[in-house]
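Colleague: model the following, please.
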Amino acid sequence: MGILIWHDLSRNISLTASLYAVWAGLWGIFFRKFFWDFIGGILRAPGGLQPSPKAAVFITVIVKYPILQAITMILGFIMVALEYPAPILKGTSVHRSFGLRVVLLTIQASVAIFFYQGTNAALWSLIAAMTYIRALTLGETIEGFKGDTHCH
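Modeller: Purely as a prediction, here's the structure:
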């Protein structure tokens, strides 16, 4: 049996989470609902659960204007460009940085958790960030590319 290479596992989880974040952001634009609307909501007989008036900021940035969905999609595209990697980033120090990936995945999770469709992307982004932290603590590195297309 081989040795688990944590940054390869992290890369696969991150790619999945980031592509899911882009997909969730797209669906979140068409079906606007913020995830935490049940906290402090008012249950009405005709109309169901109405969000609390204290959630006006979430209604503005998720329901009225899909700002968080757009930010999630942009972060997802950036992460896909880092993980795949884009030809302009291949072999650069930005591409080899685990710390940058942990920060971007944490921000992606923090933004995606607020709208309903982004909760799974947020969960998997946090898992990818944790596995990158594990790779960092084990001292794993991504070497520069010398013509091949695989990380070492």
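
Colleague: now for the helix or strand hosting Arg134, which elements pack on it?
Modeller: Arg134 is located in helix 119-137, with elements delineated by DSSP states H and E. Here helix 119-137 touches helix 6-30, helix 98-112, going by 3 or more C-beta pairs under 8 Å, 6 or more residues apart in numbering; DSSP states H and E. (Each C-beta comes from the backbone N, C-alpha and C, glycine too.)

Colleague: adding mean neighbour count, write those helices out as a markdown table.
Modeller: As requested, those are arranged in a markdown table below (neighbours: other C-beta atoms under 10 Å):
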| stretch | mean neighbour count |
| --- | --- |
| helix 6-30 | 20 |
| helix 98-112 | 21 |
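
Colleague: could I get the ones you listed as TSV with distance to Lys64 and mean pLDDT?
Modeller: Formatted as TSV, those follow (distance: least, C-beta to C-beta, whole Å; pLDDT from 0 to 100):
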stretch	distance to Lys64	mean pLDDT
helix 6-30	12	96
helix 98-112	17	97
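
Colleague: what's the closest of the ones you listed to Val63?
Modeller: Among the helices and strands packed on helix 119-137, the nearest to Val63 by C-beta to C-beta is helix 6-30 (10.1 Å).

Colleague: show the average pLDDT along the next helix-or-strand element following that closest one.
Modeller: Per DSSP H and E, helix 6-30 leads on to strand 42-44 as the next helix or strand towards the C-terminus. Averaging pLDDT along strand 42-44 yields 82.

Colleague: who does strand 42-44 pair up with?
Modeller: Strand pairing for strand 42-44, using DSSP bridges, gives strand 48-50 (antiparallel).

Colleague: following the strand it pairs with, which helix or strand shows up next?
Modeller: Counting by DSSP H and E, what follows strand 48-50 is helix 56-58.

Colleague: and that next one, what does it pack against?
Modeller: By 3+ C-beta pairs under 8 Å, 6+ apart, helix 56-58 packs against no helix or strand.

Colleague: what does that helix rub up against?
Modeller: The list of residues contacting helix 56-58 from outside it, by C-beta atoms under 8 Å, 6 or more residues apart in numbering, reads Phe34, Trp36, Asp37, Pro51, Phe114.
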